[in-house]
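**Student:** sequence first, then the predicted structure:
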Amino acid sequence: MSAFLGPLDPTGRVPPSQQTRVAAFLMSAHGALARRLAIALPGQLQAGWQTELNAQLYREAEIVSLLQRATSWIPDFALPYLVWSWEMAWLPQPAAAIPDPTQALAVDIAALGHAVHAAIRPAALLPTGASDQDAFTVALRRIEFESGRLIQAQILLLKGSDLLPFRDAVNSTVETRHLQVRKLWTEMLEGIGVRRTPADPA
């Protein structure tokens, strides 16, 4: 086991097998967020946090498109089962104790987004020597940069004054999603020979 992707090839590229597995996971997570945002956002935006989530919808789609094109894909026979298990994990889990179904689902989307953008640090997996000219390397760095911006949309919703009466339910939902995302991310990495320690940023 290593703490980083690799070993790199002579040109500084991550092995295609690792690219394939990492990209598939990230595309599943960010694709799920894009689909859920597309369904949940109203046709007419009323609140400030809705404008932030609308912008996030297009950023999530952009991340999926970037990974699709920047990854050196190879056949991975474990992916059908893995992708199915990841997709099941991203299904809606309305926040408990919030009586408004729409609000409960919005909290879950924001919690999942917060977990995906905060708990996953893909660029931290790149070892010294990863090529700055490689599309996959640049894509991972770009995704991490975007995550730092996108997380503000979830915070705006989750810390909103209209959710103050449900603070415990919101915190519980965020914690549950963080644990779930970290577990799946860690398991995926271990499946390709990468083990992150508790002190690692990813």
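**Tutor:** Arrived safely.

**Student:** quick one: low-confidence ranges for the protein?
**Tutor:** 42-50, 197-202 (pLDDT under 70).

**Student:** right, and Ala70 touches Arg141 too?
**Tutor:** No. With contact defined as Cβ atoms under 8 Å, Ala70 does not count as touching Arg141 (10.9 Å). Heads up, the C-betas are built off the backbone N, CA and C, glycines and all.

**Student:** looking at these two, which is more packed in?
**Tutor:** Neighbour tally, Ala70 and Arg141, criterion other Cβ atoms under 10 Å: the higher count belongs to Ala70, 18 against 15.

**Student:** show me what contacts the more buried one?
**Tutor:** With contacts defined as Cβ atoms under 8 Å, 6 or more residues apart in numbering, Ala70 is in contact with Ala23, Ala135, Phe136, Val138, Ala139.

**Student:** what's the separation between the first one and Ala169?
**Tutor:** Distance of Ala23 to Ala169, given as Cβ to Cβ, to the nearest Å: 34 Å.

**Student:** quick one, which of the two is more surrounded?
**Tutor:** Set Ala23 next to Ala169 and count neighbours by other Cβ under 10 Å: Ala23 wins out with 22 against 17.

**Student:** now that one. Nearest residue, chain neighbours left out?
**Tutor:** Leaving aside its chain neighbours, Ala23 sits nearest to Thr71 (4.0 Å; criterion: Cβ to Cβ, 6 or more residues apart in numbering).

**Student:** kindly report the same for Ile120.
**Tutor:** Distances taken as Cβ to Cβ, 6+ apart put Trp185 closest to Ile120, at 5.6 Å, once the chain neighbours are dropped.
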